[in-house]
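Novice: I'd like to go over a predicted model; first the sequence, then the structure.
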Amino acid sequence: MSLAKLRTHYTADVKPEKVDNGQKITLAGWVHEVRDLGGICFVVLRDREGKAQVTLVKKKIDKELFDAARRLVRESVISVTGSVKFEEKAPNGYELLPEEITVLNVANSPLPMDTTGKVEAELDTRLDSRFIDLRRAETTAVFKIRHQALQAIREYFAKNGFLETATPKIVATATEGGTALFPITYFDREAFFEPESSALQTNPYERWF
């Protein structure tokens, strides 16, 4: 599937000043939750920018599509194509009336932890299932803040004539994967040589005159 077919917008991009009411768009993300009320089914889709409500009314939609939506498993990856309907009561102020739902990957059930925040998970559980912990809004927010901080730092140094470098490092503990480090003896103590470090260092910038 091409990127254009996978997604035309992120959930946070769907706003009245950017998207027309009734416009056909495609969203992609994880199934946050499914609420089946019999005659109507709500699928909450979550991507890295937020959530969107996909609304399926049994009497107004294809039966096969309605049944497929009801069977969706939480945290499965889906792509949904449909028309936008702005609705104040819906998450982000709009809902998506689907014409097509494509399941890109089905999640295993039961999940190792809850991503909705309704059931808290112990730290050990979060670390053991880090791949799904990273999908939580609270965890994602940390990386968004880090990204903005690093971007601002890089922009400042670049504007002032600095060069970012990734030099070899000698570290005391094996913090990276074994294939990226080489054990050495450093002043009669064990250390590890990292050929090319890309991690954030104390001073990764140099001014060359």
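Specialist: Yes, it's here. Note that the structure is a prediction, hence the values are computed from the model and not measured. Residues are numbered from 1 along each chain as shown.

Novice: which ones are touching the closest residue to G38 other than its chain neighbours?
Specialist: Excluding its sequence neighbours, the residue lying closest to G38 (CB to CB, 6 or more residues apart in numbering) is K58, at 7.6 Å. (Glycine included, C-beta is placed from N, CA and C.) By CB atoms under 8 Å, 6 or more residues apart in numbering, the contact list for K58 reads 38-41, 66.

Novice: Show me which of these are buried.
Specialist: 41, 66 (16 or more other CB atoms under 10 Å).

Novice: what secondary structure does A152 sit in?
Specialist: Following DSSP: H, G, I helix; E, B strand; the rest coil, A152 is assigned to helix.

Novice: per-residue confidence for it?
Specialist: Per-residue pLDDT puts A152 at 96.

Novice: Could you do K51 as well?
Specialist: 93.

Novice: Quick check: phi and psi at the residue most central in space within the chain.
Specialist: When CA atoms, centre = their mean is applied to the chain, the residue found nearest the centroid is R48 (3.9 Å). Here is the backbone geometry of R48 (degrees, to the nearest 10): phi -70, psi -20.

Novice: quick one: A174 from K59, how far?
Specialist: With distances taken as CB to CB, to the nearest Å, A174 is found 61 Å from K59.

Novice: The two - which one has more neighbours?
Specialist: A174 (14 against 7; other CB atoms under 10 Å).

Novice: Is it correct that the more buried one is in contact with E190?
Specialist: No - between A174 and E190 there is no contact under CB atoms under 8 Å: 9.5 Å.

Novice: Overlap of the contact sets of the two?
Specialist: Joint contacts of A174 and E190 (CB under 8 Å, 6+ apart) are P183.

Novice: Could I get the full set of strands for this structure?
Specialist: Counting by DSSP state E, the chain has strands at residues 24-36, 40-47, 50-57, 77-86, 94-105, 162-164, 169-171, 182-186, 189-194, 205-207.

Novice: can I get these in TSV with distance to H9?
Specialist: Converted to TSV, the strands of the chain look like this (distance: least, CB to CB, whole Å):
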stretch	distance to H9
strand 24-36	5
strand 40-47	9
strand 50-57	9
strand 77-86	9
strand 94-105	10
strand 162-164	33
strand 169-171	42
strand 182-186	46
strand 189-194	41
strand 205-207	36
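
Novice: what's the closest of these to S129?
Specialist: When these are compared by CB to CB, strand 24-36 sits nearest S129, at 14.3 Å.

Novice: Can you list the buried residues in that closest one?
Specialist: Applying 16+ other CB under 10 Å to strand 24-36 flags 25-34 as buried.
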